[in-house]
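Engineer: need a 3D model of the sequence below.
(one chain, ligands or ions: 1)
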Amino acid sequence: MIWNKEQECMPREELDKLQLSRLKDTVSRVYDSVPAYKSKMDEAGVNPRDINNLADLKYLPFLTKQDFRDNYPFGLLAVPMRDVVRIQSSSGTTGKPTVAGYTQHDIENWAELMARALTGAGATADSIIQITWGYGLFTGGLGGHYGAEKIGAAVLPASGGNTRRQVMLMHDYGTTLLGCTPSYALVMYEEFLKSGLDRSEFKFKSGLFGAEPWSENMRKEIESKWEIDAYDVYGMTELIGPGVASECACKQGLHLAEDHFLAEIIDPDSGAVLPYGERGELVITSLTKQALPLVRYRTRDLTQINRQPCACGRTHARIQKILGRSDDMLIIRGVNVFPSMVESILLQIPGIEPQYQLVVDRVNNLDRLEVQVEVSEQVFSDEVRRLEELEARISRELDSGLGIAVRVRLVEPRTIERSEGKAKRIIDNRKL
Ligand code: DLL
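Structural biologist: Numbers count the residues shown, from 1 in each chain. Take a look at the predicted model:
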């Protein structure tokens with residue numbers, strides 16, 4: 001199912017033309033109305049007239065999180081506050097929150113993009129959509145809400161938390177589609193098991209999950225436990241919120257809304273644009289945003305772009321499932337480790353739960369990675385010898401999969417902290 005065929009299936013040539021005219025407009029607007037962009041561009045010796053085709057984008061300077069900090073809270077806005085109808089912001093775990101502003105037109109585009117994402121995940125006007133991303137300054141809740149309303153579905157604005165009540169709502173109100181973080185979908189599953197309710201009494205068919213990295217094996221886990229189809233949605237506060245890219249029924253990458261965003265992949269160290277198909281950092285330029293246009297924003301998210309035609313008929317390029325953030329990458333004795341790699345290996349081993357944490361310490365000047373994994377109730381009641389065998393097997397598979405020695409610690413069921421939003425996968429004691 002496709003929400004907006006005209007835009008989502010636009011022939012490539014037309015899309016290129018549309019992108020170029022929108023790019024030129026965006027670059028002129030930021031140059032004329034945002035002093036921070038003007039001074040960066042002047043310093044780099046480029047101006048809007050230098051942008052004559054899409055490849056000229058590479059001459060423009062990058063925008064980074066630091067620019068958001070330097071211009072906190074509203075310095076990057078390209079419209080007067082009287083045109084702003086909404087302000088959202090990120091949680092700001094590493095310093096000041098990142099602030100995003102929206103005009104009415106931006107809000108309408110955002111709803112359109114989330115309508116596309118939800119449609120890709122199977123939503124129709126007949127759906128009952130439970131939004132369990134947090135409502136508030138976080139973009140998940142309201143983004144999902146507006147998209148669901150645009151489709152004409154019935155929205156349950158449950159917001160995050162109170163898992164028991166969430167499961168009750170799902171059951172009693174006949175939720176067909178759930179929007180939340182993938183880790184929370186599993187927390188809800190545990191609660192469902194505890195509830196003693198019968199799966200056949202639920203109408204739950206599919207889920208749209210995002211806001212944190214999750215592996216293909218995590219998808220399988222969620223799909224087989226809940227017996228649903230699980231789809232990925234990507235976004236970030238600065239870009240607009242969720243809906244920048246999302247999966248279709250093929251589940252072979254996330255279609256990037258190319259009529260609204262232009263993507264590049266760069267080498268995170270050198271900043272050089274990488275050849276098509278290589279994996280690197282995603283850099284996004286917005287094409288329609290009014291309040292907070294972004295030119296070459298470094299997302300820190302690592303992925304690759306696929307422009308092969310997709311069987312669903314959409315022409316928009318796909319980004320591969322996000323591997324992780326470059327700043328979530330652990331460097332353990334020189335080897336790069338992402339939590340998503342650990343997750344992918346762990347979930348192939350029977351008897352363990354998709355609940356894990358990476359704990360990094362520095363012992364005698366050497367980094368040590370301990371992976372704590374929950375075992376299933378059944379395995380936990382096994383003999384000690386069996387548990388030791390399982391621990392040894394996990395160690396072996398992680399060692400060979402990651403290329404470094406990892407300590408493994410099996411922990412009791414339900415001991416790793418559950419999150420209602422983004423799961424905390426890393427505890428890095430080296431920084432303390
Ligand atoms: O997480 C927006 C969102 C809400 C996306 C609901 C999807 C669903 P932020 O809090 O600003 O915004 O965090 C953005 O989260 O740069 C990625 O590192 C990560 N992220 C978001 N979606 C995905 C995903 C929202 N599908 C940051 N896969 C991004 C992997 C994701 N990582």
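Engineer: and the residue in the chain that the ligand sits nearest to, backbone torsions?
Structural biologist: Shortest the chain-to-the ligand distance, computed as CB to the nearest ligand atom: residue-wise this is Gly210, at 3.0 Å. Where you see a C-beta, it was placed from the backbone N, CA and C, and this is true even at glycine. When quoted as degrees, to the nearest 10, the phi and psi of Gly210 stand at phi -180, psi -170.
Engineer: the residue nearest to it when sequence neighbours are not counted in helix, strand or coil?
Structural biologist: Distance criterion CB to CB, 6 or more residues apart in numbering; nearest residue to Gly210, sequence neighbours excluded, is Val233 at 3.8 Å. With DSSP: H, G, I helix; E, B strand; the rest coil as the basis, Val233 sits in strand.
Engineer: and Val233, how many neighbours does it have?
Structural biologist: Neighbour count of Val233, defined by other CB atoms under 10 Å: 29.
Engineer: ok, back up a step: in this structure the residue of the chain closest to the ligand contacts Pro242, no?
Structural biologist: Yes - using CB atoms under 8 Å, Gly210 is in contact with Pro242, at 5.7 Å.
Engineer: who touches both of the two?
Structural biologist: Here Gly210 and Pro242 have Gly140, Val233, Tyr234, Gly235 as joint contacts, going by CB atoms under 8 Å, 6 or more residues apart in numbering.
Engineer: make a markdown table out of these and add pLDDT and distance to the ligand.
Structural biologist: Shown next, in a markdown table, are those (pLDDT from 0 to 100; distance: CB to the nearest ligand atom, whole Å):
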| residue | pLDDT | distance to the ligand |
| --- | --- | --- |
| Gly140 | 97 | 3 |
| Val233 | 98 | 5 |
| Tyr234 | 98 | 4 |
| Gly235 | 97 | 4 |
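Engineer: so which residues on the stretch 201-350 of the chain come close to the ligand?
Structural biologist: Applying CB under 6 Å from any ligand atom, we find that the stretch 201-350 of the chain lies next to the ligand at 210-213, 232-237, 241-242, 299, 301, 322, 325.
Engineer: swap in 5 Å and give it another go.
Structural biologist: Proximity of the stretch 201-350 of the chain to the ligand is confined to 210-211, 213, 232-237, 242, 301, 322, 325 under the rule CB under 5 Å from any ligand atom.
Engineer: tell me which of those has the lowest pLDDT.
Structural biologist: Note: of these, the lowest pLDDT belongs to Arg325, at 87.
Engineer: is it true that that one touches Arg300?
Structural biologist: Yes - with contacts counted by CB under 8 Å, Arg325 reaches Arg300, the gap being 4.8 Å.
Engineer: domain assignment for this protein?
Structural biologist: Domain ranges of the chain: 1-326, 330-428, per automatic domain parsing.
Engineer: which one of the ones you listed is the most hemmed in?
Structural biologist: Most buried of the domains of the chain, by mean neighbour count (mean count of other CB atoms under 10 Å): domain 1-326, with a mean of 19.
Engineer: contact partners for Glu238?
Structural biologist: Contacts for Glu238 (CB under 8 Å, 6+ apart) come out as Phe68, Ser90, Thr98, Ala100, Leu292, Leu294, Tyr297.
Engineer: pipe the residues you listed into a markdown table and attach pLDDT and secondary structure per row.
Structural biologist: Shown next, in a markdown table, are the contacts of Glu238 (pLDDT from 0 to 100; DSSP: H, G, I helix; E, B strand; the rest coil):
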| residue | pLDDT | secondary structure |
| --- | --- | --- |
| Phe68 | 96 | helix |
| Ser90 | 88 | coil |
| Thr98 | 93 | coil |
| Ala100 | 98 | strand |
| Leu292 | 98 | coil |
| Leu294 | 98 | coil |
| Tyr297 | 98 | strand |
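Engineer: could you work out the most separated pair of these?
Structural biologist: With CB to CB as the measure, no two of the contacts of Glu238 lie farther apart than Ser90 and Leu294, at 14.1 Å.
Engineer: end to end, how far does stretch 53-70 reach?
Structural biologist: The straight-line separation of the ends of stretch 53-70 (CA to CA, to the nearest Å) is 30 Å.
Engineer: how about the helices in this structure?
Structural biologist: Per DSSP state H, the chain carries helices over the ranges 5-8, 12-33, 35-44, 65-70, 104-120, 139-151, 163-173, 182-195, 216-226, 339-346, 377-380, 384-402.
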